[in-house]
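> generate a structure from the sequence data that follows.
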Amino acid sequence: MHACDRADKMPDRISSSKGKAGAQKGRQKYQNRTAFTPNKFSPVALKIAARPVQGVCQRCLDIINWRKRMGKYKPLSQPKTW
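Residues are numbered from 1 along each chain as shown. Got it, this is the predicted structure:
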């Protein structure tokens with residue numbers, strides 16, 4: 001079963017903590033004047049941007065591309081073994 005295909009499930013354990021339960025954040029106070037740009041000229045970032053993404057579903061592809069764009073993508077240190 002793929003991670004994208006799993007239905008949302010209730011957690012086995014529910015937190016009994018009090019305090020911020022149900023508290024909502026307010027909306028953004030000021031509009032960002034410029035878009036966020038990570039350090040896109042570092043050697044690691046250039047390698048990550050050049051690496052192709054293949055063999056994943058559309059949702060996973062969107063997530064990986066977002067992570068690359070925002071500087072959050074970390075490639076595996078060792079290849080996955082099956």
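
> and stretch 23-37, how far apart are its ends?
Taking Cα to Cα, to the nearest Å as the measure, stretch 23-37 stretches 31 Å from start to finish.

> any idea how far residue 44 is from residue 73?
Distance, residue 73 to residue 44, using Cβ to Cβ, to the nearest Å: 10 Å. Just so you know, the C-beta spots here come from the backbone N, C-alpha and C atoms, and that holds for glycine as well.

> give me the more crowded residue out of these two.
Remark: of residue 73 and residue 44, residue 73 carries more neighbours, 17 against 11, as counted by other Cβ atoms under 10 Å.

> that one and residue 48 touch, don't they?
Yes - if you go by Cβ atoms under 8 Å, residue 73 and residue 48 touch, sitting 5.5 Å apart.

> joint contacts of these two?
Taking Cβ atoms under 8 Å, 6 or more residues apart in numbering as the contact criterion, no residue touches both residue 73 and residue 48.

> give me the pLDDT value at residue 51.
pLDDT, residue 51: 89.

> who touches it in this structure?
Here residue 51 is in contact with residue 75 (Cβ under 8 Å, 6+ apart).

> flag the shaky bits of this structure, pLDDT-wise.
Regions of the chain meeting the criterion pLDDT under 70 cover residues 1-13, 15-22.

> nearest residue to the middle of it?
Closest to where the C-alpha atoms of the chain average out (Cα atoms, centre = their mean) is residue 67, at 5.3 Å.

> for the helix or strand containing that residue, C-alpha coordinates in PDB please.
Per DSSP states H and E, residue 67 falls inside helix 58-69. Extracted in PDB, the C-alpha atoms of helix 58-69 (Å, rounded to 0.1, in the frame of the first residue of the first chain):
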ATOM      1  CA  GLN A  58       1.400  13.000  -9.300                       C
ATOM      2  CA  ARG A  59       0.800  13.900  -5.700                       C
ATOM      3  CA  CYS A  60       4.300  12.700  -4.600                       C
ATOM      4  CA  LEU A  61       5.800  14.500  -7.600                       C
ATOM      5  CA  ASP A  62       4.100  17.700  -6.500                       C
ATOM      6  CA  ILE A  63       5.400  17.200  -3.000                       C
ATOM      7  CA  ILE A  64       9.000  16.500  -4.100                       C
ATOM      8  CA  ASN A  65       9.000  19.500  -6.400                       C
ATOM      9  CA  TRP A  66       7.700  21.800  -3.600                       C
ATOM     10  CA  ARG A  67      10.400  20.500  -1.300                       C
ATOM     11  CA  LYS A  68      13.100  21.100  -3.900                       C
ATOM     12  CA  ARG A  69      11.700  24.700  -4.500                       C
END
